[in-house]
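J.: Coordinates for the following, if possible.
(2 chains)
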Amino acid sequence: MTDHPLDSAEATAMAVRRRGRALAPSTGGRPWTFYVLATLFVLYVIALYGPMICIYILSFQDVRGGLVFPMRGTSLHWFIDLFTQVRTGDVKGAFSRSIRLAVVVTVITVVISFMSGLAFRRRFAGDSVVFYLMIGSLVAPGLVLGIGVGLICNVLGIETSWYTTALGAQLSWTLPFGVLVMFAVMSRFDSAWEEAAIDLGASAWQTTVLVIVPILAPGLVAVALFGFTLSYDEFTRTLLTAGSLNTLPLEIWSMTLNVTSPSLYALGTVTTLISFVIIGICLGTIARIQKRRARGPAAH
Amino acid sequence: MPVANGSIELAGIVKSYDGVTQVVDGINLKIPDGAYCCFLGPSGCGKTTILRMIAGHEDPTHGEILIGGEQVVGLAPVERRTAMMFQSYALFPHLNVRDNIAFALRVRGISAVDRRKAADAMIEKVRLAELADRLPAQLSGGQQQRVALARAAITGPRVLLLDEPLSALDEQLRVQMRQELRRMQRDLGITFIHVTHTQLEAIAIADLVVVMDKGKIKQAGPARDVYDQPRDRYVAQFLGGQNVLSGRIERIEGDSVVIAAQEMRDVIVPLGARRTVSAGDRVDFAVRRDDVGLTRPESGDGSGRARVPSRVRAIEYQGNFVKVILDNVGSDELIAYVPDRIFYCDPFSVGDVVLAGWERDKARMLA
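T.: Predicted coordinates:
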């Protein structure tokens, strides 16, 4: 490549400056619209993250802490309280259920999305019906869907629990997302890769494992990320389908009703951290795969 | 194992996707073992479909495909011992050059040590040694093509199928890589089938050129035959370098016919292999553009030559020759390729009235 990124960046910047002068002459600096939009953006960011940040800050109070500002001391007291005190509820149990449920949902979502991504490359009888049914479950109100599942279970005498009915209800939410992401991923998949593998003697299984999955890996990680975070956060569909044991969002909900200590905030901080760690791992993995493909020689 | 025989026989091949239109419409062809064969035709003529059927990526609706004398329809590509090089090369983006080339060995369960040895030998053969650890995205178009070739050739196929192998390259590289393809074909000594829509590519490289149109073979033969002796108007025009003219037969004189049209008088064309014409028929005939000479109308006699009065419409300098575009004869273009040394002795200019002439036996009747 004989491209000079600096040169072209400079050229672009100059073009922008020239254009900027032409559009908003004689202000010397940035146009006034810049300041309006910048203010709007800052306000937006504050509205988006401000409330969460308040909660994170308040979770680090000491034993005298309350639910509102001002901050009373700093310590990890409420984090310890969260995992040791029974009166705050079964946080540890809820947490472990949520993680396990999210892992199962992720695996099922990735596998089914992958397979439907492959299937939807060709037209088949009823393909659009299947597609719209899927989108339908995406737009259906979650609470209604949850109530429906709960109701049917009631009628059929099936006992609801987090690992059966709640799993199903959550999949109705994560699968359409996963499949849509997969469609976008598949649009850049050249079926000649698959044919080349077959031409070179690979079996269908070898083609899948050695060619299709590795090539689609970044997309599959993205689907997994969706599956995990959507499940880990899912509330409305899970509320009436999880049975007697709570998942983490349900636990947080019930805590807001009866816990009046910063433990609640500590829980918020912990779950957010976990979400960020998982998103970080996923994005890091995608970036690593793509970087390896774009530049560095493959290490074997 | 019996000696690999890469001869191919296509018998009555028909391919239809919807049962109505036939993408490939009754192809019969024999390709000898070790030949370099080019399927040539415009896009949509069915040439790639034929290639894919030989490769085993599609099955013919009717007809038989024999490779080395055995019927192969229904067999997997590996069982046919064919290998295909895809149009965009379809190199696996997540594998480096060595692993791409060794892929076929890997899926056969050959040990890592052995396949590395075999892959490195092949890498040496296509002169990619210093790039063995690179990923496809880090290679130039020409290097990618060499990897694709090596990957296809590593299992020792008896037929190598190339789908528009040069279309992804720029002009200069294309000329260079086609020589490389030809060299590889000679080195490997196997049958190559190459699909292209570029006439020059086909005639430069192939032993056997198959000209196709609308799912049918128009003409198949050695490059020189197809270029120099096109069978019909389509082939002559597709391969280029020919003037295709038409007129009515005025009378038949022994082995020749006398043709007349509004702009032509008493043009005599040898009958050649065509015997079933009679006076009054409308026929096409071809004259190579470089057989057409231009003279001033007042200059000497033209015994033994066919002559058409015309006028210079445009002149294009092409380096070693000058392309002189004359007024159409009816709806057919008339073009003369005049060697530049001759042209510039007495150059014509646009609007000049000229006589376009050729020796009678240079004209060929078309079917």
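J.: need the residues of chain B near chain A, please.
T.: Residues of chain B lying close to chain A (C-beta under 8 Å from any C-beta of the partner chain) are B:55-57, B:76-78, B:82-84, B:86-88, B:90, B:92-96, B:99, B:103-104, B:106-108, B:133-135, B:137-138, B:151-152, B:155. Where you see a C-beta, it was placed from the backbone N, CA and C, and this is true even at glycine.
J.: try 6 Å this time
T.: Counting by C-beta under 6 Å from any C-beta of the partner chain, chain B comes close to chain A at B:57, B:77-78, B:84, B:86, B:90, B:92-94, B:96, B:103-104, B:107, B:133.
J.: List the ones among those residues that fall in strands.
T.: residue B:84 (DSSP state E).
J.: from the residues of chain B next to chain A, which would you call buried?
T.: B:57, B:77-78, B:84, B:86, B:90, B:92-94, B:96, B:103-104, B:107 (16 or more other C-beta atoms under 10 Å in any protein chain shown).
J.: Throw those residues into TSV and include pLDDT and distance to residue B:220, thanks.
T.: As requested, those are exported to TSV (pLDDT from 0 to 100; distance: C-beta to C-beta, whole Å):
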residue	pLDDT	distance to residue B:220
B:57	91	23
B:77	89	24
B:78	88	28
B:84	92	21
B:86	91	24
B:90	93	28
B:92	94	35
B:93	91	38
B:94	90	41
B:96	91	41
B:103	94	34
B:104	93	31
B:107	92	36
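J.: In the residues you listed, find the pair that's most separated.
T.: Using C-beta to C-beta, the pair of these lying farthest apart is B:57 and B:96, separated by 25.8 Å.
J.: quick one: contacts for residue B:66?
T.: residue B:9 (C-beta atoms under 6 Å, 6 or more residues apart in numbering or on different chains).
J.: so is it in a helix, a strand, or just coil?
T.: strand (DSSP: H, G, I helix; E, B strand; the rest coil).
J.: got TSV for the buried ones among the residues of chain B next to chain A, with distance to residue B:277 too?
T.: Listed next are those as TSV, based on distance: C-beta to C-beta, whole Å:
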residue	distance to residue B:277
B:57	44
B:77	47
B:78	52
B:84	44
B:86	46
B:90	50
B:92	58
B:93	59
B:94	63
B:96	63
B:103	57
B:104	55
B:107	59
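J.: Please tell me I have it right and residue B:133 contacts residue B:99.
T.: No. Using C-beta atoms under 6 Å as the test, residue B:133 is too far from residue B:99 to be in contact (9.4 Å).
J.: hmm, back to that, which ones among the buried ones among the residues of chain B next to chain A map onto helices?
T.: B:77, B:78, B:103, B:104, B:107 (DSSP state H).
J.: Within the helices and strands, which one has the most centrally placed residue in chain B?
T.: Computing the C-alpha centroid of chain B and ranking residues by C-alpha atoms, centre = their mean puts residue B:202 first, at 3.3 Å. Assessed by DSSP states H and E, residue B:202 sits inside helix B:199-205.
J.: Below-threshold pLDDT in the stretch 1-150 of chain A: ranges please.
T.: For the stretch 1-150 of chain A, applying pLDDT under 70 flags the ranges A:1-28, A:85-89.
J.: residue boundaries of the helices in it?
T.: For the stretch 1-150 of chain A, the helices defined by DSSP state H, counting those that start in this stretch cover A:5-23, A:32-58, A:77-84, A:91-119, A:127-139, A:142-156.
J.: Could you check the pLDDT of residue 238?
T.: In the absence of a named chain, this looks at chain A. On pLDDT, residue A:238 comes in at 86.
J.: Oops, wrong one, chain B.
T.: Confidence at residue B:238, expressed as pLDDT, is 91.
J.: So for the one helix or strand it maps to, what gets flagged as buried?
T.: Here residue B:238 sits within helix B:233-239, counting by DSSP H and E. Neighbour-count burial for helix B:233-239 flags B:233, B:234, B:235, B:236, B:237, B:238, B:239 (criterion: 16+ other C-beta under 10 Å).
J.: Got the domain ranges for chain B?
T.: Here the domain assignment for chain B is B:8-233, B:241-366, based on automatic domain parsing.
J.: Please work out which of those is packed deepest.
T.: Greatest average neighbour count among the domains of chain B goes to domain B:8-233 (a mean of 19), per mean count of other C-beta atoms under 10 Å in any protein chain shown.
J.: how long is that one from one end to the other?
T.: Domain B:8-233 has an end-to-end distance of 28 Å (criterion: C-alpha to C-alpha, to the nearest Å).
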